[in-house]
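In: Prediction below, plus the sequence it came from.
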Amino acid sequence: MSEAIVSLRGVSKAYVRGKQSVEVLQSLDLDIDRGDFVALMGPSGSGKTTLLNLIGGLDQPSAGSISVSGQRIDQLGRGALAKWRAANVGFVFQFYNLLPMLSAERNVELPLLLTRLSKAERHKRVAIALQVVGLDDRARHKPGELSGGQQQRVAIARAIVADPTLLICDEPTGDLDRKTADEVLRLLQTLNRDHGKTIVMVTHDPKAAEYATHQRHLDKGALVDEPTSA
């Protein structure tokens, strides 16, 4: 029997703009099993990134509950939530967010600087993460010396270096050509299948979504059934 690692119940999210409250998500229920690879799809403005940010602890709901590995993250204060994210979530964004003055290995090491690991242990984990993404021979290259696909691989290595519970990916291939995008998606698939990583990915790209094990569709802040073909 599968175990739900992420569980949302009655989750709503509204933002106040001026005197108006804009509801982005409406009473949403969602379970994601441990070891799953879920693609969240839907038109622009459907609430995909908002949902992703809630699951990753970057934002908190206006109503409802969010549990990850049995912990109610919606009840955590800002400081506790930041510590929870550092220990449990790896983030991969469309734009790689690498520091241009640092080498690949130093960029990957950044999340570990918040831990109590020794320098030797940090270096060991960085080397493993870069090896997993196939960039151990580019460890000392700076982002400007790497291709877009290689930079995204560095970002993925940074996301997995602390061995997180969840990988949260927001349009991870949105800035890449098709061939490079497929290479990155195959890497995510390998992390899911061979390393047991639970992945939640927002994408507009149906071809990218095909790499996931499940697809969920959002429309106007609500989960809807996948459109059926004739």
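Out: Yep, it's here. Residues are numbered from 1 along each chain as shown.
In: Tell me which stretches of this structure form helices.
Out: 48-55, 78-88, 104-109, 119-132, 148-160, 178-193, 206-209 (DSSP state H).
In: a markdown table please, covering these and showing mean neighbour count.
Out: Where you see a C-beta, it was placed from the backbone N, CA and C, and this is true even at glycine. Formatted as a markdown table, the helices of the chain follow (neighbours: other C-beta atoms under 10 Å):
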| stretch | mean neighbour count |
| --- | --- |
| helix 48-55 | 22 |
| helix 78-88 | 14 |
| helix 104-109 | 23 |
| helix 119-132 | 16 |
| helix 148-160 | 24 |
| helix 178-193 | 17 |
| helix 206-209 | 17 |
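In: For residue 14, find the nearest of these.
Out: helix 48-55 (10.1 Å; C-beta to C-beta).
In: which residues sit against that closest one?
Out: Outside helix 48-55, the residues that touch it by C-beta atoms under 8 Å, 6 or more residues apart in numbering are 6, 8, 11, 13, 24-25, 28, 30, 32, 40-42, 59-61, 66, 68, 166, 168, 170, 200, 202, 218.
In: how about the residue sitting nearest the centre point of the chain, what does it touch?
Out: Centroid-nearest residue in the chain, with C-alpha atoms, centre = their mean: residue 168, separated by 1.0 Å. Residue 168 makes contacts with 52, 55, 56, 89, 90, 91, 92, 200, as judged by C-beta under 8 Å, 6+ apart.
In: Go through the residues you listed and flag which are in strands.
Out: Within the contacts of residue 168, residues falling in strands by DSSP state E are 89, 90, 91, 92, 200.
In: wait, which of the residues you listed is closest to residue 153?
Out: The nearest one, if we look at the ones in strands among the contacts of residue 168 relative to residue 153 and count by C-beta to C-beta, is residue 92, at 10.0 Å.
In: separation between residue 40 and residue 205?
Out: 12 Å (C-beta to C-beta, to the nearest Å).
In: Looking at these two now, which is surrounded by more residues?
Out: Between residue 40 and residue 205, counting by other C-beta atoms under 10 Å, residue 40 is the more crowded of the two (26 against 16).
In: give the contact list for the more buried one.
Out: So residue 40 contacts 48, 51, 52, 200, 201, 202, 203, 216, 217, 218 (C-beta under 8 Å, 6+ apart).
In: For the last one, name its beta-bridge partners.
Out: Beta-bridge pairing of residue 218 under DSSP bridges involves residue 223.
In: just checking, it touches residue 41?
Out: Yes: with contact defined as C-beta atoms under 8 Å, residue 218 counts as touching residue 41 (7.2 Å).
In: if we can go back for a sec, of all the helices of the chain, which one comes closest to residue 139?
Out: With C-beta to C-beta as the measure, helix 104-109 is the member of those nearest residue 139 (4.2 Å).
In: Convert the C-alpha atoms of that closest one to CSV, please.
Out: Taking C-alpha atoms only, helix 104-109 is exported to CSV below (Å, rounded to 0.1, in the frame of the first residue of the first chain):
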residue,chain,number,x,y,z
ALA,A,104,29.9,24.5,-9.6
GLU,A,105,31.0,22.7,-6.5
ARG,A,106,30.8,25.8,-4.3
ASN,A,107,27.2,26.5,-5.6
VAL,A,108,26.2,22.9,-4.8
GLU,A,109,27.8,23.2,-1.3
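In: Cool, thanks, signing off.
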